[in-house]
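Participant: coords below, sequence missing:
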């Protein structure tokens, strides 16, 4: 079973009353905002903004999904972890875990893919080399596990 130590970036977020739906648990669509909060912290930690300013290249979210294990309710605080599971020449595949502090359990997992795009040229591109280095500094297991691959 996964735990927070499996994730190099973790954010803590309060569960808001307004996130619950008529079934008295957090609405499933809200989890994608939780994933987004973790993803923003992740991209900040690898300094993507610097590369976007200097190269015009940056990520676009191309897909995301979630699997729910237990309901989440207000009041609670959650920890949301994010890690990369595969790094390709032009994309990053990532995984999320959402833990409830109130119940001390994993309540959801998610996946996403970010594709890199050259905004100046208007087309997909490889991950800039300096950015790839920042990712591998944060997540050295990607290189150790030979998970850095060329795009198929």
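Facilitator: Arrived safely. Quick caveat: nothing in here was measured; it's all calculated off a predicted structure.
Participant: average pLDDT for the helix or strand encompassing residue 42?
Facilitator: Under the criterion of DSSP states H and E, residue 42 resides in helix 30-45. The pLDDT scores in helix 30-45 average 98.
Participant: after it, which helix or strand is next? Please name it.
Facilitator: Following helix 30-45 in sequence order, the next helix or strand is helix 48-55 (DSSP H and E).
Participant: low-confidence ranges in the chain?
Facilitator: Within the chain, the set of residues satisfying pLDDT under 70 comprises 1-2, 145-152.
Participant: ranges for the helices of it?
Facilitator: When secondary structure is read from DSSP state H, the chain shows helices at 30-45, 48-55, 129-138, 141-144.
Participant: tell me what the second one is packed against?
Facilitator: Secondary-structure packing of helix 48-55 (3 or more C-beta pairs under 8 Å, 6 or more residues apart in numbering; DSSP states H and E): strand 57-68, helix 129-138. For every residue, glycine as well, the C-beta is placed using N, CA and C.
Participant: likewise the first one?
Facilitator: In this structure, helix 30-45 makes packing contacts with strand 9-14, strand 57-68, strand 77-88, strand 91-100, strand 105-118, judged by 3+ C-beta pairs under 8 Å, 6+ apart.
Participant: of the ones you listed, which stretch is the most buried?
Facilitator: Sort the helices and strands packed on helix 30-45 by mean neighbour count, taking mean count of other C-beta atoms under 10 Å, and strand 91-100 sits at the top with a mean of 22.
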